[in-house]
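A structural model of the following input is requested.
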Amino acid sequence: MNKGEMKRLGDYIREVDIRDRDLEVTKLLGVSISKEFMPSIANTIGTDMSSYKVVEPRQFAYGPVTSRNGDKVSIALYKDDEKAIVSQAYTIFEVKNKQELLPEYLMMWFRRPEFDRYARFKSHGSAREIFSWEEMCDVELPIPPIEQQQKIVFEYEAITRRIRLNEQIITKLEKTAQTLYRKMFVDGIDKEDLPEGWKIEKLGDYVELSQGVQVEVEKQSLVKLKGYNRFIRIIDYTPNSSEPPRYVNIINERYFCTVNDIVIIRYGDAGTICRRLEGVIANNLFKVSPIKRLTCNYLYYFLRNEEIQKQIKNSAASSTMPAITHSAIKNLDCLIPSSDIIKSFDDRANVVEKKILLLQNEICKLKELQSLLLAKMGQKSKYYRHE
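Got it, this is the predicted structure:
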């Protein structure tokens, strides 16, 4: 866009500061670096909630402090119908005239990586860096006619809906496989009277645990897969490439993760089980690899089983710094069925896994298309021509 076509955001938005003085609103939220509202995890015992700010539908909330968020600005558009409250540390604002600027269009602008870089560059402070309200108002962006905004938002949200649908299908497919696992290996199984060829042994005798590698920040780039961006890192490595990864002298093969590998988050969201990732795992992760009898499918649904998840998370919670240890995983009691039964489960789980991978690949393509639409917002394109 030409400089003359850019508009000052402050002419289109205004700050809102309404407090929950009467404690009428109880829905407490925070804003994530993925630019979504989320349930707050703050400890509010003894906190005076009357000072918390009320956010209403189609209003924005953002955290001015940027020095703790890496390269992201925590900002989100509130889409629910009921009012919510957020910490007084957030700044709340709204679009003055929604016939001139759609909040959904503006939120698309905030999702652009260029906005995050701009906000970090404009942040200032000593102990912590702040992207102030004044700097927010000085943001410049193209604001096409409202009809064009609606068209752009429609295209973006159509892709978003498709992504969410795929994610919902993936969740249902995983639940189907988990139900199959329970039916075959949990429900009705008497541990004192196991079928012939079955036994219970320590998981450590059947798997190898590889803890991730710590690499200098400048040699890291994030794997762009939903849900695990904070945890999985890739180091100049393209899956299925014939070229060796750079920095190969500091990377052992055991640090590489493929779509079949199972990964456990050691700390942070301790105990979370991940799969279908490609790259190099960071040092806050375990890669769990079967070395005999068990298969990746069996191992994945064993570790995701409700009872096992409870044991893993309890082991983390019992330590001073919540973290999963090698011994907590290796000492799990694991049901070892006969090889033919494991194969029967594996064959059926593979059908589900293939469908999931197809959907996940489609999600990756759709996210690339989303990124392309966001990139176009900053270009002089057909979107901004009067037709």
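
Check the secondary structure at K191 for me.
Judged by DSSP: H, G, I helix; E, B strand; the rest coil, the three-state class of K191 is coil.

which residues touch the nearest residue to it once chain neighbours are set aside?
Using CB to CB, 6 or more residues apart in numbering and skipping residues adjacent in sequence, the residue nearest K191 is I200, 6.2 Å away. (Glycine included, C-beta is placed from N, CA and C.) The contact partners of I200, taken as CB atoms under 8 Å, 6 or more residues apart in numbering, are K191, L194, D333, C334, L335, I336.

what about the helices in the chain?
Under the criterion DSSP state H, the chain contains helices at 103-110, 113-122, 133-137, 146-185, 296-304, 306-317, 326-330, 339-376.

Could you look over those helices and pick the most buried one?
helix 296-304 (a mean of 22; mean count of other CB atoms under 10 Å).

Pop the domain breakdown of this structure in here.
3-143, 145-189+340-378, 199-336 (automatic domain parsing).

average model confidence for the second one?
Regarding domain 145-189+340-378, the rounded mean pLDDT is 94.

Would you mind confirming that I170 makes contact with L358?
No. Applying CB atoms under 8 Å as the test, I170 and L358 come out as separate, 10.0 Å apart.

Distance check, the nearest residue to Y12 once chain neighbours are set aside against M107.
On the basis of CB to CB, 6+ apart, the spatially nearest residue to Y12 that is not a chain neighbour turns out to be L101, at 4.7 Å. For L101, the distance to M107 equals 11 Å [CB to CB, to the nearest Å].

for the residue nearest to Y12, phi and psi?
phi -140, psi 120 (degrees, to the nearest 10).

For it, give me the pLDDT.
97.

which residues sit in contact with it?
Y12, I13, V95, I143, I146, Q149.

what two of these have the greatest distance between them?
I13 and I146 (15.8 Å; CB to CB).

rank the domains of the chain by mean pLDDT and give me the bottom one.
Among these, domain 199-336 scores lowest, at a mean of 72.

what about that one, start to end distance?
5 Å (CA to CA, to the nearest Å).

thinking I33 is in contact with S74, fair?
Yes. Using CB under 8 Å, I33 is in contact with S74, at 5.5 Å.

Give me the more crowded residue out of these two.
Higher neighbour count among I33 and S74: S74, with 20 against 17, using other CB atoms under 10 Å.

show me what contacts that one?
So S74 contacts V31, S32, I33, K35, Y62, G63 (CB under 8 Å, 6+ apart).

Tell me the one of the residues you listed nearest I18?
Y62 (16.2 Å).

The closest one pairs with what?
Taking DSSP bridges as the rule, Y62 bridges to I75, T91.

swap in I336?
Going by DSSP bridges, I336 forms beta bridges with K199.

and it, what is it in contact with?
By CB under 8 Å, 6+ apart, the neighbours of I336 are W198, K199, I200, E201, Y206, R293, L294.

now do P290
So P290 contacts Y206, V207, C296, Y298, L299 (CB under 8 Å, 6+ apart).

mind running it again at 10 Å?
L203, Y206, V207, E208, I262, C296, N297, Y298, L299, Y300 (CB atoms under 10 Å, 6 or more residues apart in numbering).

just checking, L299 touches E208?
No. Using CB atoms under 10 Å as the test, L299 is too far from E208 to be in contact (11.1 Å).

Quick check: neighbours shared by those two?
Joint contacts of L299 and E208 (CB under 10 Å, 6+ apart) are V288, S289, P290.

now those in TSV, with distance to K7?
Listed next are these as TSV, based on distance: CB to CB, whole Å:
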residue	distance to K7
V288	52
S289	54
P290	57
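
Go through those and name the one nearest R117.
Out of those, the member with the shortest distance to R117 (by CB to CB) is V288, at 36.7 Å.

Looking only at stretch 28-48, what residues are buried by neighbour count?
Using 16 or more other CB atoms under 10 Å as the test for burial, stretch 28-48 gives L28, L29, G30, V31, I33, K35, F37, S40.

I meant stretch 265-277, not that one.
I265, R266, D269, A270, G271, T272, I273, C274, R275, R276, L277.

still on that earlier bit, what is the nearest of the contacts of I336 to R58?
Looking across the contacts of I336 and measuring by CB to CB, the closest to R58 is L294, at 50.3 Å.

Grab the nearest non-local neighbour of the closest one.
L294 sits nearest to Y206 (CB to CB, 6+ apart), 5.1 Å away.

What does the one you found show for phi and psi?
phi -120, psi 0.

just checking, S67 touches A119?
No. Applying CB under 10 Å, one finds S67 not in contact with A119, separated by 11.3 Å.

dump the residue contacts of A177.
For A177, counting by CB under 10 Å, 6+ apart, the contacting residues are N297, Y300, Y301, R304, F345, R348, A349, N350, V351, V352, E353, I356.

Would you mind stating the distance between the first one and E174?
Spelled out, that is N297. Taking CB to CB, one finds N297 at 11 Å from E174.

For the nearest residue to V186 once chain neighbours are set aside, which residues are in contact?
Distances taken as CB to CB, 6+ apart place N305 nearest to V186, at 6.7 Å, with adjacent residues excluded. Going by CB under 10 Å, 6+ apart, N305 touches Q178, Y181, R182, F185, V186, I273, Q311, L335.

shouldn't the fourth one be in contact with Y301?
Yes. Using CB under 10 Å, F185 and Y301 qualify as a contacting pair, with a distance of 8.5 Å.

Show me the common contact partners of the two, please.
F345.

Name all residues that make contact with the residue of the chain most remote from its centre.
Largest separation from the mean C-alpha position in the chain: E196, at 42.9 Å (CA atoms, centre = their mean). Residues near E196 by CB under 10 Å, 6+ apart: S338.

any idea how far S51 is from T44?
11 Å.

Let me have the contacts of S74 in a markdown table, adding distance to I324 as columns.
Shown next, in a markdown table, are those (distance: CB to CB, whole Å):
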| residue | distance to I324 |
| --- | --- |
| V31 | 28 |
| S32 | 23 |
| I33 | 23 |
| K35 | 29 |
| Y62 | 33 |
| G63 | 29 |
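
I am finished for the moment; much appreciated.
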